[in-house]
Structures are given as C-alpha cells and as structure tokens.
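A.B. asks: Could you work out the structure for the sequence below:
(chains A and B)
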Amino acid sequence: MKSELVIAVSGLNNTDNPGPGIPVIRALRDWKGKKVRIIGLSYDHLEPGLYLPEWVDKSYQVPYPSAGSDNLMLRLKYIHSIERLDFIFPNFDAELFSYMKMAPELQSMGIHTFLPGLDQFEERHKYRLPEFGEKYQLAVPKSLSVNSLADVPAALSQFEFPVVVKGKFYEAYIAYSMDQVQNYFHKIQAKWGLPVIFQQFIQGNEYNVVAMGDGKGNTIGAVPMRKQYITDKGKAWAGITLDEPALIEMTRKLIAANHWRGGMELELIKDRNGQLYIVEINPRFPAWVYLAVAAGQNMPAAAVKLALGEDVPPFESYEVGKMFVRYSWDNIVNLSDFEKISTLGEL
Amino acid sequence: MNLRLKNNIAVSDSGFVFNPSTGDSFSINPVGIDIIQLLRASKSEQDIIEDLSDRYDADTQTIEKDLYDFFTLLLQHQLAEKA
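C.D. replies: Numbers count the residues shown, from 1 in each chain, chains lettered A, B, ... in the order given. Model prediction:
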C-alpha cells in the first residue's frame, strides 16, 4: 500500500443535521501508521467542512446528484487528474446510487470504493422494508408506500394511530390524526418526493447500530448506541455505546443474509415485550461513526483497507459506556476562502 | 420478592449506576448502594431486610415498604430481574 493515500470524502455539512464526512475524516486521520491526504467533495459553499483545513486538505465542489452521474464523473475525472485519488467515501444517501453505478469505471481509473451492490442498496429502501423483513426473516414494522394524497385514506385504514410518516431519504414525523398525516405528507413530498412512507409506530426504546460488512457475509464491525440527547430534527447530540448482544446478533444476521458491503447504520426499536424491530437501514456510516472509532472499531479505515485488498479481521470488542457529546463552534472564516469556493469551485 | 441484579450493571462507589444494555444511568443514595451490594452478594429479600434493620434506625415495616418500592424501580428500569 502507498505511504500516503489520497481519499475523497463527501458529507462535509457538519451542521445541526450533520453529514458523516467530518467524522469519517477524523477516523481516517486516526489510522495508525498511515498518512492520508483528504479531498473534500462539497455541494454547497457553506458546508462547514470546507473551512476546516486541519481536517480537509483541499476541497472541490461537485454537481448535485440530480445533475446525473455523467456530470459527476466528468468532475471526478478533473479532480483525479490533479489529486490522483485512491479512494472515494460518498456519505450521502442521495449520491450513493451514482457512485455505485460509477464504481467499475472509477475502479478502472484506480479509484477504489467500498459500497454495497445495487441490489442490496435497492432492497433495503424504506418503502421496501416489509419485503426485506420477509426475505431475510427479520422483524420490521408494518409499512406502506403512498404515492398520492388521494391514496392516503385507504392507506391509513390499515394502521392505528399514531403513524410514522417518513420521507424516502430523510425525515420522519409521528402523526396522531388524519390532519397531521396530510400535513406531513405535503411537507415530505415537497422536500423528498414520492413515495411517502407510512409506518406503524412502535412504542419502545430506540437503538442504533453502526456496522460494516465485507461483502461476503462477514460483519467486520458493529457498535450499538443509545441516543441520550436528541435534537428537534431527531438527530443524536449525545450518545453512549451499549452492551446489548441482541442488537449485534440482529446486525450479524442481516449482514450474513444479504452480504452487505460497506458501512451501514441500523435503526431499531425494542418494544415493551423485548421484541426488536428494524425500523431503517441507512446505507452508509452515520454522523456518529467516530464514537465507534473511539470505542475501538475504526470501521472507516477498515473499509479503505478492505477495498485496497488488505485482509482485515473482524473487530472483536469495543468499549461499553463510551459517550459522545456534540458541540457547535463558530468557526471564523476569511471572505477570500468563501470567494474561492464560490467562484472557482475549489478551496 | 427476591431479585437478581443483572450481571452487566455497573455501580460506582459514589452511587452512579449504569445499565449498559439500555444506556440509562441513575444516581442512588447510600442506602440504595447498600441494597445493590446485598443483591450482588445474592442475598434474599428477607436477608436484606434484616441487614438494613441492623444498620438503620427504622422499623421493619418501613424498611419492607421502602425496599419493595426500590425493587419495583430496579425492575422497571431493567436493572434486575425476579429470581
């Protein structure tokens, strides 16, 4: 392996709804004995990670996923011609499809990725969760995809209130009445498009697991966490690692069954009877992934090693009771830097 | 009612209790610490009542009632299970 790896990372939006970019970079910088040069890939001029030179060596603006993968590939070829990238870490759900499609071409250019296959990615979508649960014998809450406002009453007749109304990629609201459901339906449709997903609300404790599969059915790492402080956007602002074997077992079962490759986050709920349900499968590392690194499992570094052909044995333990507490910080930025990224698309 | 404290429950000398299965943490007073330590030593409810009666200036009926309340809390927060 080269003495210095050049790794491009997206998701630099370290806001109150943080992307995983900066935590993934922090994990890569923790990689013992390995020097990394970090290339930031940004969508917006004000993504905080752009202005953190101690974490991001150089940044480039890239086209939004809606512009199509051809435009993205063109931009990546330009970046590669300058930076000679070894690996790309895409961190947004909405861009993963493009990267998975481009993976063979990127590989031929010498750029590695460590992503799930298109089939694995597609079958774990929120609107396909019931089929997923049935296929792999995993407990999931009842869910329905709703494609128009006219279908809402018929769909709702299959649920009891409260109902969770969810966006295709992000956002979820708990609705206690038809009015609330319609309101959230409009809000989510406007932001994330269709379908909007209705899911049976399950009363219980929510847990999250950050995990990584090697693509052959093996779980390389898995660390469960309980959110201790939740923002009004439902994001963890503080959390703690847990010793709960049932969460790890469910994760291993899922990864063994569908041969997941790359990072993932499972959202689970344990009801009052102790039954665990998978509520969501996010196809990338979450923004709290650094907690797992601090607890002893540097999964982002392991992903790069595996992609580059190194043999990586599964992590066997992690520190229980390790906590993270986020904070916000007013980073002072020079106008000249803002000007550079705004006008040249590079910083 | 006899209780068994769950194996992985962490209790510090200062009375900080952490349940690693759920992530919940609690603060308990010195009497609570005594009870937890007695449970750790696999003492029965009757043993604990006798022990507390020897150590604290309270009538047995009050100790029984307070112990029952404390046991209920331990069960409710999944820190212990019925033996």
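A.B. asks: Run through the neighbouring helices and strands of the longest helix anywhere in chain B.
C.D. replies: Longest helix of chain B, by residue count under DSSP state H: helix B:60-76. If you count contacts as 3 or more CB pairs under 8 Å, 6 or more residues apart in numbering or on different chains; DSSP states H and E, helix B:60-76 packs onto strand B:3-5, helix B:30-40, helix B:45-55, strand B:80-82. Where C-beta positions appear, they are placed from N, C-alpha and C, glycine not excepted.
A.B. asks: Next, the buried residues of the third one.
C.D. replies: Spelled out, that is helix B:45-55. For helix B:45-55, burial by neighbour count (16 or more other CB atoms under 10 Å in any protein chain shown) applies to B:45, B:48-49, B:51-52.
A.B. asks: Now do the same for the most centrally placed residue in chain A: its pLDDT.
C.D. replies: Residue closest to the average C-alpha location in chain A (CA atoms, centre = their mean): A:Arg284, at 3.4 Å. pLDDT for A:Arg284: 96.
A.B. asks: returning to what we had before: can you lay out the helices and strands packed on helix B:60-76 as TSV showing distance to chain A and mean pLDDT?
C.D. replies: Listed next are the helices and strands packed on helix B:60-76 as TSV, based on distance: least, CB to the nearest CB, whole Å; pLDDT from 0 to 100:
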stretch	distance to chain A	mean pLDDT
strand B:3-5	15	93
helix B:30-40	17	94
helix B:45-55	25	94
strand B:80-82	12	93
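A.B. asks: what would these look like in TSV with distance to A:Leu335?
C.D. replies: Below are the helices and strands packed on helix B:60-76 laid out as TSV (distance: least, CB to CB, whole Å):
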stretch	distance to A:Leu335
strand B:3-5	60
helix B:30-40	58
helix B:45-55	69
strand B:80-82	60
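A.B. asks: Out of those, which is closest to A:Leu194?
C.D. replies: When the helices and strands packed on helix B:60-76 are compared by CB to CB, strand B:80-82 sits nearest A:Leu194, at 46.5 Å.
A.B. asks: which strands and helices sit next to that closest one?
C.D. replies: Strand B:80-82 packs on strand B:3-5, helix B:60-76, going by 3+ CB pairs under 8 Å, 6+ apart.
A.B. asks: Please look at A:Phe121 and A:Phe97 and confirm they touch.
C.D. replies: Yes: A:Phe121 lies in contact with A:Phe97 (CB atoms under 8 Å); the separation is 7.0 Å.
A.B. asks: Close to chain B: what parts of the stretch 1-150 of chain A are there?
C.D. replies: Residues of the stretch 1-150 of chain A lying near chain B by CB under 8 Å from any CB of the partner chain: none.
A.B. asks: Helix, strand or coil: sort out the closest residue to chain B within chain A for me.
C.D. replies: As assessed by CB to the nearest CB, chain B sits closest to A:Arg226 within chain A, at 3.1 Å. The three-state label given to A:Arg226 by DSSP: H, G, I helix; E, B strand; the rest coil is strand.
A.B. asks: So what's the residue count around the residue nearest to it when sequence neighbours are not counted?
C.D. replies: Among residues not flanking A:Arg226 along the chain, B:Gly23 sits closest, at 3.1 Å (CB to CB, 6 or more residues apart in numbering or on different chains). Close neighbours of B:Gly23, defined as other CB atoms under 10 Å in any protein chain shown, add up to 23.
A.B. asks: you'd agree B:Gly23 is in a strand?
C.D. replies: No: assigned with three-state DSSP, B:Gly23 falls outside any strand and is coil.
A.B. asks: that older thread, from memory the residue of chain A closest to chain B sits against B:Thr22, does it?
C.D. replies: Yes: in terms of CB under 8 Å, A:Arg226 counts as a neighbour of B:Thr22; the distance is 6.5 Å.
A.B. asks: Compare those two (neighbour count), which wins?
C.D. replies: A:Arg226 (22 against 18).
A.B. asks: On the strand side of things, show who that one bridges to.
C.D. replies: Applying DSSP bridges to A:Arg226 gives these bridge partners: A:Ile240.
A.B. asks: Let me see the contact set for it.
C.D. replies: Taking CB atoms under 8 Å, 6 or more residues apart in numbering or on different chains, we find A:Arg226 in contact with A:205-208, A:239-240, A:242, B:22-24.
A.B. asks: State the pLDDT value of it.
C.D. replies: At A:Arg226, the model reports a pLDDT of 96.
A.B. asks: same deal with A:Ala103?
C.D. replies: Looking at A:Ala103, its pLDDT stands at 95.
A.B. asks: and it, that's in a strand?
C.D. replies: No: looking at A:Ala103 with three-state DSSP, it is helix, so not inside a strand.
A.B. asks: check contacts around the spatially closest residue to it that is not a sequence neighbour.
C.D. replies: Leaving aside its chain neighbours, A:Ala103 sits nearest to A:Thr113 (5.1 Å; criterion: CB to CB, 6+ apart). Neighbouring residues of A:Thr113 by CB under 8 Å, 6+ apart: A:87-90, A:99, A:103, A:106-107, A:307.
A.B. asks: right, and the helices and strands packed on helix B:60-76 - which one's nearest A:Asp151?
C.D. replies: strand B:80-82 (45.7 Å).
A.B. asks: Could you list the residues in contact with that closest one?
C.D. replies: Residues contacting strand B:80-82 (CB under 8 Å, 6+ apart): B:1-6, B:9, B:39, B:71, B:74-75.
A.B. asks: Report the contact partners of residue 19.
C.D. replies: Reading this off chain A. A:Gly19 touches A:10-13, A:47, A:91-92, A:287, counting by CB under 8 Å, 6+ apart.
A.B. asks: look at chain B instead
C.D. replies: Counting by CB under 8 Å, 6+ apart, B:Asn19 touches B:6, B:8-9, B:25-26, B:77-79.
A.B. asks: Buried ones from those residues, can you make that a PyMOL selection?
C.D. replies: In PyMOL syntax, the buried subset of the contacts of B:Asn19 is picked out as below (16+ other CB under 10 Å):
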select buried, chain B and resi 9+79
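A.B. asks: Format the contacts of B:Asn19 as CSV; extra columns: pLDDT and distance to A:Met212.
C.D. replies: Formatted as CSV, these follow (pLDDT from 0 to 100; distance: CB to CB, whole Å):
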residue, pLDDT, distance to A:Met212
B:Lys6, 92, 29
B:Asn8, 90, 25
B:Ile9, 92, 29
B:Ser25, 94, 28
B:Phe26, 95, 33
B:His77, 92, 32
B:Gln78, 91, 29
B:Leu79, 95, 32
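A.B. asks: Who is B:Ala80 paired with across the strands?
C.D. replies: Taking DSSP bridges as the rule, B:Ala80 bridges to B:Leu5.
A.B. asks: what separates it from B:Ile28, distance-wise?
C.D. replies: As judged by CB to CB, to the nearest Å, B:Ala80 and B:Ile28 stand 13 Å apart.
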